[in-house]
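**Student:** Give the three-dimensional model of this entry:
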Amino acid sequence: MAMIAEQQRLLEAEAKTAHWRRWGPYLSERQWGTVREDYSPYGTAWDYFPHDHARSRAYRWGEDGIGGICDNHQRLCLALALWNGRDPILKERLFGLTGPQGNHGEDVKEYYFYLDSTPTHSYMKFLYKYPQAAFPYRRLVEENARRGRPDPEFELMDTGVFEESRYFDVTVEYAKANFDDVLVRISAVNRGPEPVELHLLPTLWFRNTWDWDVGAPKPRLSAPEGVAGAATIAVEHPSLGFYRLAAEGSPTLPPWWARKPPRTIASPSPRERRPPSGSASPPPRRGRDPDHSERPSRRRWASASERRTISTVSSSRAGCRARDAS
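**Tutor:** Residues are numbered from 1 along each chain as shown. This next block holds a predicted model:
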């Protein structure tokens, strides 16, 4: 019997002649609120690093994202960010209740599905259901706080944001041409009754490892010259090597580009950020992205096509974004 391609990949991975497992779905669903990121004096991990801080602080021990992948040492990460034009923040990570917030303990309040993956992750498929209405962060927290242990949990479906099927099915697929060449396809389908806006922002970033080790070399993301017909981000990492992320289309560079050093996308210098307005959590130790608190339309991203119709979505933006992980 002839050997199938995945069997051959498995043999090569075991023999270490081809690193088929270098890239895979190793990016966490949630890094905020974990004991790994807890430096509080009394072990209050939920309060020390809440969801509100995750968009403006650098993690120490890992990263998180939606439908993302990374290398097996989580040095370089790729995940999907979304914006429906109504949310106050980008949808970059899954939302859930902490242990004290949930009437039955911690609980993620999202709908997402891992649909497929081969043993070597040569093919992976992920589905996320993104509401077209503003995501009800506050309502989920407040209503679950009012409920006691005998009561049922208040779920995202109970908020009414999915009525009349007003949501997007966003599918992310990964396929490996070889162990170091990963193809990505992101598709969005409007399940609702009318055309609405959707911004798709595949995001590439490094896990911040340099601020914790004095003198450690810093990786670099940059835009290479002379790449026609594609939006390209060049990757240079001291131990991972050189890679490129290329997206179809010819981007129009955003205004912030002119304020950065020539041809450099992200600067890895640490910054301080205050927590979002109204947050009762302790102040963050390190900033991650100084522009995140602005409206997402002013967010630092480069569009890979200025206007692109996705299924029945009449107005959308698709692009690739380099995020500052400092």
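**Student:** Might one say that residue 54 is in contact with residue 64?
**Tutor:** Yes. Here residue 54 reaches residue 64: they are 7.4 Å apart, a contact under Cβ atoms under 8 Å. C-beta coordinates here come from the backbone N, C-alpha and C atoms, glycine included.
**Student:** Mutual contacts of the two, please.
**Tutor:** Contact criterion Cβ atoms under 8 Å, 6 or more residues apart in numbering; residues shared by residue 54 and residue 64: 31-32, 93.
**Student:** Residue 44: which of the residues you listed is nearest?
**Tutor:** Each of the shared contacts of residue 54 and residue 64 was scored against residue 44 by Cβ to Cβ, and residue 32 proved nearest at 13.3 Å.
**Student:** Need the pLDDT of the closest one.
**Tutor:** What the model reports for residue 32 is a pLDDT of 92.
**Student:** who's in contact with it?
**Tutor:** Residue 32 sits next to 49-51, 53-54, 59, 64, 93 when contact means Cβ under 8 Å, 6+ apart.
**Student:** now swap in residue 153 and tell me
**Tutor:** 102-104, 107, 144, 147.
**Student:** returning to that earlier point: now the shared contacts of residue 54 and residue 64 as CSV including secondary structure and distance to residue 152?
**Tutor:** As requested, these are exported to CSV (DSSP: H, G, I helix; E, B strand; the rest coil; distance: Cβ to Cβ, whole Å):
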residue, secondary structure, distance to residue 152
31, coil, 29
32, coil, 26
93, coil, 26
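**Student:** Pull the number of nearby residues for residue 174.
**Tutor:** 23 (other Cβ atoms under 10 Å).
**Student:** beta partners for it?
**Tutor:** As for beta bridges, residue 174 partners with residue 124, residue 184 under DSSP bridges.
**Student:** distance of it from residue 52?
**Tutor:** 30 Å (Cβ to Cβ, to the nearest Å).
**Student:** swap in residue 248?
**Tutor:** 35 Å.
**Student:** Please say which of these two ends up with more neighbours.
**Tutor:** Legend: neighbour count by other Cβ under 10 Å for residue 248 and residue 52, higher for residue 52 (19 against 12).
**Student:** so which strand or helix has residue 213?
**Tutor:** Using DSSP states H and E, residue 213 falls within no helix or strand.
**Student:** nope, residue 9 is what I meant
**Tutor:** When elements are assigned from DSSP H and E, residue 9 belongs to helix 5-15.
**Student:** And that helix, what's buried?
**Tutor:** 9-10, 13 (16 or more other Cβ atoms under 10 Å).
**Student:** Relative to residue 193, how far out is the spatially closest residue to residue 157 that is not a sequence neighbour?
**Tutor:** Nearest residue to residue 157 in three dimensions, chain neighbours excluded: residue 111, at 7.8 Å (Cβ to Cβ, 6 or more residues apart in numbering). With distances taken as Cβ to Cβ, residue 111 is found 19 Å from residue 193.
**Student:** Looking at those two, which is more packed in?
**Tutor:** More neighbours surround residue 111 than the other of residue 111 and residue 193, with 16 against 10 (other Cβ under 10 Å).
**Student:** Am I right that residue 47 sits in a helix?
**Tutor:** Yes. With DSSP: H, G, I helix; E, B strand; the rest coil as the criterion, residue 47 is part of a helix.
**Student:** about what we covered before: could the contacts of residue 32 be laid out in CSV, adding distance to residue 162, secondary structure and neighbour count?
**Tutor:** Below are these laid out as CSV (distance: Cβ to Cβ, whole Å; DSSP: H, G, I helix; E, B strand; the rest coil; neighbours: other Cβ atoms under 10 Å):
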residue, distance to residue 162, secondary structure, neighbour count
49, 30, coil, 27
50, 26, coil, 20
51, 21, helix, 21
53, 28, helix, 22
54, 24, helix, 21
59, 31, coil, 20
64, 24, strand, 19
93, 20, coil, 23
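**Student:** Any chance of a markdown table for the residues you listed, columns distance to residue 137?
**Tutor:** Formatted as a markdown table, the contacts of residue 32 follow (distance: Cβ to Cβ, whole Å):
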| residue | distance to residue 137 |
| --- | --- |
| 49 | 17 |
| 50 | 11 |
| 51 | 8 |
| 53 | 14 |
| 54 | 12 |
| 59 | 20 |
| 64 | 16 |
| 93 | 12 |
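**Student:** what's around residue 152, how many residues?
**Tutor:** Counted with other Cβ under 10 Å, residue 152 comes out at 9.
**Student:** Spit out the contact partners of it.
**Tutor:** Neighbours of residue 152 in contact, by Cβ under 8 Å, 6+ apart: none.
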